[in-house]
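Participant: give me a 3D structure for the following:
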Amino acid sequence: MSGEKPKGLLARHGAKLIRNGYRIVPIMRGEKFPPFNGWQETVADEALLKKWLSGEYKTTRGPKGQERDFIYRNGMSDGVGILAADTPGVDLDIKDEAVALEMEEYVRFLLGDAPHPC
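Facilitator: Here you go, the predicted model:
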């Protein structure tokens, strides 16, 4: 990598998330899901992260039975997703601050707070 700072969240935070036990996947800009099939079973390590960031990660993509080869080339500018099977969370995308606070209170009432590490 040249002297420039990586731009995407995947490049900036991926390795630390992996080291802290999170299961991550790349999320391409403008998308809401990973760019390849089978992402739900992905267990990334730093070697796989390096492949994603290299810009030459070969994989398949498309509906079952219609998969096609795909070269994932955008790693350095992409976001990072955290698979929630082992680390569930709630994401509230609410622009109205009063409504957001009310929903946060309701979610905390229903689910409680996350445990704090010792």
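Participant: all contacts plus neighbour counts: C-alpha atoms, from now on.
Facilitator: Will do.
Participant: can you give me the helices for the chain?
Facilitator: Secondary structure of the chain (DSSP state H): helices at 9-19, 46-54, 97-111.
Participant: worst average pLDDT in those helices?
Facilitator: Taking the average pLDDT of each of the helices of the chain, the minimum falls on helix 46-54, with a mean of 89.
Participant: would you mark the buried spots in it?
Facilitator: Applying a neighbour-count criterion of 16 or more other CA atoms under 10 Å, the buried positions in helix 46-54 are L49, K50, W52, L53.
Participant: with stretch 83-90 instead?
Facilitator: Under the neighbour-count criterion of 16+ other CA under 10 Å, stretch 83-90 has L83 buried.
Participant: quick one: terminal-to-terminal distance for that stretch?
Facilitator: Using CA to CA, to the nearest Å, the end-to-end distance of stretch 83-90 comes to 13 Å.
Participant: same deal with stretch 43-59?
Facilitator: The first and final residues of stretch 43-59 sit 15 Å from each other (CA to CA).
Participant: mind checking how far that stretch is from the chain centre?
Facilitator: Relative to the chain's own centre, stretch 43-59 is displaced by 13 Å; criterion: CA atoms, centre = their mean, to the nearest Å.
Participant: how about the strands in the protein?
Facilitator: Counting by DSSP state E, one finds strands in the chain at the ranges 24-27, 57-61, 68-72, 79-82.
Participant: go through those strands and pick out the most buried.
Facilitator: strand 24-27 (a mean of 25; mean count of other CA atoms under 10 Å).
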